[in-house]
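>>> need a structure here:
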Amino acid sequence: MMTATAVADTNFIANSKASKEAGRLANLLKNLNLNVLIIGENGVGKTTLALNIADANIVDGSNLNAVLSMISSNSTLIIRDFHKINNYVILKEALTKEHVRIIATTSKKIDESIADIFFGLKISIPPLSERPEDAEALAEKFLMEAKELFFEKESEIDVDLKKAPLNLNQNAYSLKRDVYTAFLTAQFTEKDILNILENFFMTKLGSGDDYRKLLYIFDIPLLRAGLKKFHSQLAISKNFGLNRNTLRKKISELHDFLENNRYKIKNQDKKCQKI
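This next block holds a predicted model:
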């Protein structure tokens, strides 16, 4: 059975049960002349797994002419976004004529009759939200990348990824963005933050009543930080030096904005659910 280390050598993170199984199949398929379809959302590692199966050239399915051209000069080919192929008949004829093996990826459902014509095996990769072990390992990998990218050597700045707001809605894409953001913001000084806010406000000013409309930029992160640190409205009001009624009013005013923008955090105080 293939180990997680062997899969990780090809940059395919395999700590969860699902990804280990996908990695095991990929290892077995290296020496089999079998067409494979890898299915999953964008950012789950489909192309990386395909490269683990075969070190081959990659072509996008949206450009059939490019695909046909690559078929004529490759014995094995990785076709990304196979669902974007606009003429499967021509593709099948070219593959049969040139005896080319394909490893394909898709984020969309493909008709079973078409898939059965082209592929001897299908591998499904679940989203990262269903593979927390992989998401954690991938976040650590992105953190190391960020340190190397911005410092050319290991940074001394420590980032607690467990406390960082990491979004998996776009799988690796959103995760990488949030890890890089967490790493960079950990180094921000007050001057950096003030400059960022100034540049942001420059793009927003001029609509009328700007001061009142933009106060949420300060209020929301301050209240969220207070909730995370103090856990209750009573503790927040004491530490902020605010009357509880004033605090409750402020939370109520921001409630609609938070709901509309899905800007929520988990908390232990049901009375503070609004922020």
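
>>> Relative to residue 149, how far out is residue 239?
Going from residue 239 to residue 149 by C-beta to C-beta, to the nearest Å gives 37 Å. Glycine gets a C-beta too; all of them are placed from N, C-alpha and C.

>>> which residues in the stretch 101-250 of the chain form strands?
Taking DSSP state E, counting those that start in this stretch as the test, the strands found in the stretch 101-250 of the chain are 101-106, 121-124.

>>> out of the ones you listed, deepest packed?
Greatest average neighbour count among the strands of the stretch 101-250 of the chain goes to strand 101-106 (a mean of 24), per mean count of other C-beta atoms under 10 Å.

>>> got any ranges where the stretch 101-250 of the chain has weak pLDDT?
The model of the stretch 101-250 of the chain has pLDDT under 70 over residues 152-156.

>>> how about a cut-off of 80?
150-158, 163, 207-208 (pLDDT under 80).

>>> Tell me if I'm right that residue 133 and residue 18 touch.
No. Residue 133 is not in contact with residue 18 according to C-beta atoms under 8 Å; the separation is 9.6 Å.

>>> Need the residues touching each of those two.
Counting by C-beta atoms under 8 Å, 6 or more residues apart in numbering, no residue touches both residue 133 and residue 18.

>>> if I look at residue 126, how far off is residue 108?
Computed as C-beta to C-beta, the residue 126 to residue 108 distance reads 16 Å.

>>> which of the two has more neighbours?
Using other C-beta atoms under 10 Å, the more surrounded residue of residue 126 and residue 108 is residue 126, with 17 against 10.

>>> what helix or strand is the nearest residue to the more buried one once chain neighbours are set aside on?
Nearest in space to residue 126, with sequence neighbours left out and distances taken as C-beta to C-beta, 6 or more residues apart in numbering, is residue 18 at 5.1 Å. Element membership of residue 18 [criterion: DSSP states H and E] is helix 17-29.

>>> so that helix versus strand 101-106, what angle?
If you take axes from the mean of the first three to the mean of the last three C-alpha atoms, to 10 degrees, helix 17-29 sits at 160 degrees to strand 101-106.

>>> For the lengthiest helix in the chain, what is the distance to the chain centroid?
Longest helix in the chain, counting residues (DSSP state H): helix 132-151. A distance of 12 Å separates the centroid of the chain from that of helix 132-151, by C-alpha atoms, centre = their mean, to the nearest Å.

>>> Stretch 60-77 now?
Distance, stretch centre to chain centre, for stretch 60-77: 28 Å (C-alpha atoms, centre = their mean).

>>> what about it, how long is it end to end?
11 Å (C-alpha to C-alpha, to the nearest Å).

>>> Residues touching that stretch, excluding its own?
For stretch 60-77, with C-beta under 8 Å, 6+ apart as the criterion, the contacting residues are 54, 56-59, 79-87, 90-91, 94-95, 98-104.

>>> Show me which positions of the helix holding residue 18 end up buried.
Neighbour-count burial for helix 17-29, counted by 16 or more other C-beta atoms under 10 Å, picks out 18-27, 29.

>>> of the residues you listed, closest to residue 46?
residue 22 (9.6 Å; C-beta to C-beta).

>>> So the closest one versus residue 68, what's the distance?
Distance, residue 22 to residue 68, by C-beta to C-beta: 29 Å.

>>> cool, and residue 19?
Applying C-beta to C-beta to residue 19 and residue 68 gives a distance of 33 Å.

>>> With residue 95 instead?
Residue 95 sits 10 Å away from residue 68, going by C-beta to C-beta.

>>> Does residue 15 touch residue 132 like I think?
No. Contact criterion C-beta under 8 Å: residue 15 and residue 132 do not qualify, at 9.0 Å.

>>> who has more neighbours, the two?
Shown here are residue 15 and residue 132; by other C-beta under 10 Å, residue 15 has more neighbours (17 against 12).

>>> mind checking the SS state of that one?
Three-state call for residue 15 (DSSP: H, G, I helix; E, B strand; the rest coil): coil.

>>> residue contacts, it?
Residue 15 neighbours (C-beta under 8 Å, 6+ apart): 4, 131, 133-134, 136-137.

>>> hang on, the earlier thing: name the helices or strands packed onto the helix holding residue 18?
Where contact means 3 or more C-beta pairs under 8 Å, 6 or more residues apart in numbering; DSSP states H and E, helix 17-29 is packed against helix 4-8, helix 46-53, strand 121-124.
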